[in-house]
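Peer 1: Predicted coordinates and the sequence they were generated for:
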Amino acid sequence: MATVTTGDGQLVSYVDHGGDGPAVVLLHSFLMDVTMWAPQVAAFGQDYRLIAVDERGHGETPANAPFDYWDVAGDVLAVLDHLDVGRAAVIGTSQGGFVALRMALLAPERVAALAVLGTSGEVEDEQIAAAYNQLTEVWIAQGPETVIEATAKICLGDYDASEWTPKWSAVEPERLRLIANALVSRDGVLDRVGEITVPALVLHGTADLAYPVAKAEALVAALPKAELVVVEGGAHFLSLTHAADVNPYLRQFLSANL
């Protein structure tokens, strides 16, 4: 892992897989890290310069104070600055999609194309936010083993979570509170994504337990140049759980727009 320190002192860890191809930023889901993108690195890493970032509070990137996804978008742009990458396509799953949308709004000249999977442009539903807050406090008070199974089901569906649950169990309580708060208190950007004029690909699974396909449909309706791909049986963290289904669409999208 390499690191960069932003202008406001935030340390950001990332992996630059290198190569001479066009740059593509990979932004992972809640509770995950850069290794989530192994299927995509294997599938088209030889054709593109894949840059995977550990988002604030995840993996090897710390979080020491409250933050929002605009802050994380700034972190990712700082990585691109450090690497002297002027423009890149951005792919984000779930939380990574929240960050990707904000990158395209914050610095539209830096984003060449946008692909989001299992994401939403809206605020978190009030009842769901309350449930997630309760889950977080149970996790902290009673131990992760009390909620890990439920969390894995929401995030990964029937996918084998055994690689990830030990990492989740190791998340410190204060870090968990910070990343959970960023998730449930995020602002909505659906009323602004009409400003994003680059090509966009929105992929969503029919078995997504966090967001219904309607969230993806609303996002596509608001984006000026968006295409929707619905993956039958696809779970929430779609790029990992259903990589074989989504990788051909991602490859075709990148090929057409980079």
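Peer 2: Nice, I can see it.

Peer 1: Pull the longest helix along the chain out as CSV, backbone CA atoms only.
Peer 2: If you go by DSSP state H, the chain has its longest helix at helix 126-142. Extracted as CSV, the C-alpha positions of helix 126-142 are listed here (Å, rounded to 0.1, in the frame of the first residue of the first chain):
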residue,chain,number,x,y,z
GLU,A,126,-35.2,7.5,8.1
GLN,A,127,-36.3,4.1,9.4
ILE,A,128,-33.3,2.3,7.8
ALA,A,129,-30.9,4.9,9.3
ALA,A,130,-32.4,4.3,12.7
ALA,A,131,-32.0,0.5,12.2
TYR,A,132,-28.3,0.9,11.2
ASN,A,133,-27.6,3.2,14.2
GLN,A,134,-29.1,0.5,16.5
LEU,A,135,-27.1,-2.2,14.7
THR,A,136,-23.9,-0.1,15.3
GLU,A,137,-24.6,0.3,19.0
VAL,A,138,-25.4,-3.4,19.5
TRP,A,139,-22.2,-4.2,17.6
ILE,A,140,-20.2,-2.0,20.0
ALA,A,141,-22.0,-3.0,23.2
GLN,A,142,-22.4,-6.7,22.7
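
Peer 1: List the contacts of the most centrally placed residue in the chain.
Peer 2: Central residue of the chain (CA atoms, centre = their mean): residue 96, 1.4 Å from the mean position. When contacts are counted by CB atoms under 8 Å, 6 or more residues apart in numbering, residue 96 touches 26-29, 55, 116, 119. C-beta coordinates here come from the backbone N, C-alpha and C atoms, glycine included.

Peer 1: which one is it nearest to, not counting chain neighbours?
Peer 2: Closest residue to residue 96 apart from its sequence neighbours, by CB to CB, 6 or more residues apart in numbering: residue 27 at 3.1 Å.

Peer 1: hmm, back to that, residue 4: which of the contacts of residue 96 is nearest?
Peer 2: Ranked by distance to residue 4 (CB to CB), the contacts of residue 96 are led by residue 55 at 13.5 Å.

Peer 1: host element of the closest one?
Peer 2: Assigned by DSSP states H and E, residue 55 falls within no helix or strand.

Peer 1: what's the answer for residue 202, then?
Peer 2: strand 200-205.

Peer 1: show me what contacts residue 145?
Peer 2: residue 169.

Peer 1: That one should be in a strand, yeah?
Peer 2: No: checked against DSSP: H, G, I helix; E, B strand; the rest coil, residue 145 lies outside a strand; its state is helix.

Peer 1: Next one, pLDDT for it please.
Peer 2: For residue 145, the pLDDT comes out at 92.

Peer 1: rewinding a little: in the longest helix of the chain, what's buried?
Peer 2: By neighbour count on 16 or more other CB atoms under 10 Å, the buried set for helix 126-142 is 129, 132-133, 135-136, 139-140.

Peer 1: Dump these into JSON lines; add distance to residue 198 and pLDDT as well.
Peer 2: Supplementary listing: those in JSON lines, determined by distance: CB to CB, whole Å; pLDDT from 0 to 100:
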{"residue": "129", "distance to residue 198": "30", "pLDDT": "95"}
{"residue": "132", "distance to residue 198": "31", "pLDDT": "93"}
{"residue": "133", "distance to residue 198": "35", "pLDDT": "94"}
{"residue": "135", "distance to residue 198": "35", "pLDDT": "93"}
{"residue": "136", "distance to residue 198": "35", "pLDDT": "95"}
{"residue": "139", "distance to residue 198": "38", "pLDDT": "94"}
{"residue": "140", "distance to residue 198": "40", "pLDDT": "94"}
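
Peer 1: what about the residue lying closest to residue 13 once chain neighbours are set aside, how many neighbours?
Peer 2: Distance criterion CB to CB, 6+ apart; nearest residue to residue 13, sequence neighbours excluded, is residue 60 at 3.8 Å. Using other CB atoms under 10 Å, residue 60 has 15 other residues around it.
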